[in-house]
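1. Sequence and computational prediction follow.
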Amino acid sequence: NTRLQVEHPVTEAITGLDLVAWQIRVAQGEALPITQAQVPLIGHAIEVRLYAEDPSNDFLPATGQLALYRESAPGPGRRVDSGVEQGDSVSPFYDPMLGKLIAWGEDREQARLRLLSMLDEFAVGGLRTNLSFLRRIIAHPAFAAAELDTGFIPRYQDELLPVPGALGDEFWQAAAAAFIQSLPAGDGPWADTRGFRAGLPAEVSLHLSCNGQDRLVTLPTQPPLLRGEQLLIEHQGVRRAHLAVRSESTLYLRWDGELHAVSLFDPIAAVEAGQLHQGGLTAPMNGSIVRVLVEVGQAVEAGMQLVVLEAMKMEHSIRAPQAGVIKALFCEEGEMVAEGCALVELETAD
């Protein structure tokens with residue numbers, strides 16, 4: 001086989017052989033240096049693929065800019081193969097794989113724990129990825145016990161793909177503390193972030209937005225301290241550090257294993273977003289319209305295919321969520337559309 005498999009680093013990890021170098025030597029007419037029987041098998045290795053995709057939306061590919069990209073620290077038994085860096089854009093024209101994380105250990109459990117640690121250190125912000133999904137798999141007790149088959153993900157779907165819930169008070173307090181302390185230094189009295197009020201105790205309030213939720217937060221007099229990119233929170237004598245990285249107007253805060261994008265709440269943008277999605281079907285990702293299967297005035301049934309979008313070598317169908325009549329079309333075949341762009345307006349049947 002002249003083609004290297006995506007998982008070839010696993011083979012390299014447990015054999016200590018450089019398969020790419022072997023390919024080049026064979027291409028030059030050299031013979032393989034050892035036979036199959038002489039290939040050593042040492043320890044255990046596990047690989048995961050990091051993709052720009054949305055596990056909560058049927059794993060559709062995601063596009064956008066890598067506003068934050070931090071790889072795990074190098075070390076024994078650790079390997080990261082990637083082709084991106086912070087600031088790069090993920091387009092709809094190529095495969096959405098960002099990289100591969102490979103961990104080696106003397107046994108499977110050591111390799112698993114090492115890989116789990118690597119996933120904990122990795123941070124990607126600016127677009128959706130499967131990073132948290134991978135971490136939940138590797139950390140799952142059934143995976144640790146090697147109780148694996150093709151039904152693993154459906155069997156534990158509620159644990160591996162949990163439905164996002166409301167963000168708690170502790171999260172919002174932490175987000176506000178990190179957000180205010182990570183603001184760049186400004187000039188003049190209006191840039192002061194200490195919450196000065198004439199004749200009243202100092203008070204700092206922020207209206208923040210995250211994951212479609214928003215909260216007006218008033219900081220306590222002694223909020224958690226941000227040291228570098230670590231927000232230190234002490235609870236019942238235990239201190240925990242949470243990654244908190246600012247990228248322009250957005251703060252990326254790691255909380256309960258998830259990296260959340262926090263920004264100041266924009267009430268005008270929230271109203272516009274609500275109006276845009278009312279009765280409208282939007283593009284789930286950047287891509288090209290390959291087929292428009294309906295016309296204005298046409299009656300459609302729930303589940304009927306309306307538009308076909310192509311992105312990253314795959315076709316994705318936009319279907320009617322319920323029965324109704326096509327009120328307007330905002331796309332045509334061959335057109336490039338951006339994620340969130342309105343494609344079809346559907347007037348539902350009463």
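-> Received, thanks.
2. where in the stretch 51-200 of the chain is pLDDT low?
-> Applying pLDDT under 70 to the stretch 51-200 of the chain flags the ranges 186-200.
3. which residues of the stretch 251-350 of the chain fall in strands?
-> 258-264, 280-282, 287-292, 299-300, 305-311, 314-319, 324-329, 336-337, 342-348 (DSSP state E, counting those that start in this stretch).
4. Include distance to Arg112 and mean neighbour count when you put the ones you listed into TSV, please.
-> For every residue, glycine as well, the C-beta is placed using N, CA and C. Listed next are these as TSV, based on distance: least, Cβ to Cβ, whole Å; neighbours: other Cβ atoms under 10 Å:
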stretch	distance to Arg112	mean neighbour count
strand 258-264	21	17
strand 280-282	39	17
strand 287-292	36	18
strand 299-300	48	16
strand 305-311	33	19
strand 314-319	31	15
strand 324-329	49	16
strand 336-337	41	18
strand 342-348	43	17
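5. Gln86 contacts Leu98, correct?
-> No - Gln86 is beyond contact range of Leu98, at 11.5 Å (criterion: Cβ atoms under 8 Å).
6. buried set for stretch 9-18?
-> Buried residues in stretch 9-18, counted by 16 or more other Cβ atoms under 10 Å: Pro9, Val10, Thr11, Glu12, Ala13, Ile14, Thr15, Leu17.
7. Doesn't the fifth one lie inside a helix?
-> Put plainly, it is Ala13. Yes - assessed by DSSP: H, G, I helix; E, B strand; the rest coil, Ala13 belongs to a helix.
8. quick one: contacts for it?
-> Gly43, Ala45, Gly77, Arg79, Ile102, Trp104 (Cβ atoms under 8 Å, 6 or more residues apart in numbering).
9. which one is the first one nearest to, not counting chain neighbours?
-> Nearest residue to Gly43 in three dimensions, chain neighbours excluded: Glu106, at 5.0 Å (Cβ to Cβ, 6 or more residues apart in numbering).
10. go on, the fourth one?
-> Nearest residue to Arg79, sequence neighbours excluded (Cβ to Cβ, 6+ apart): Ile102, at 4.2 Å.
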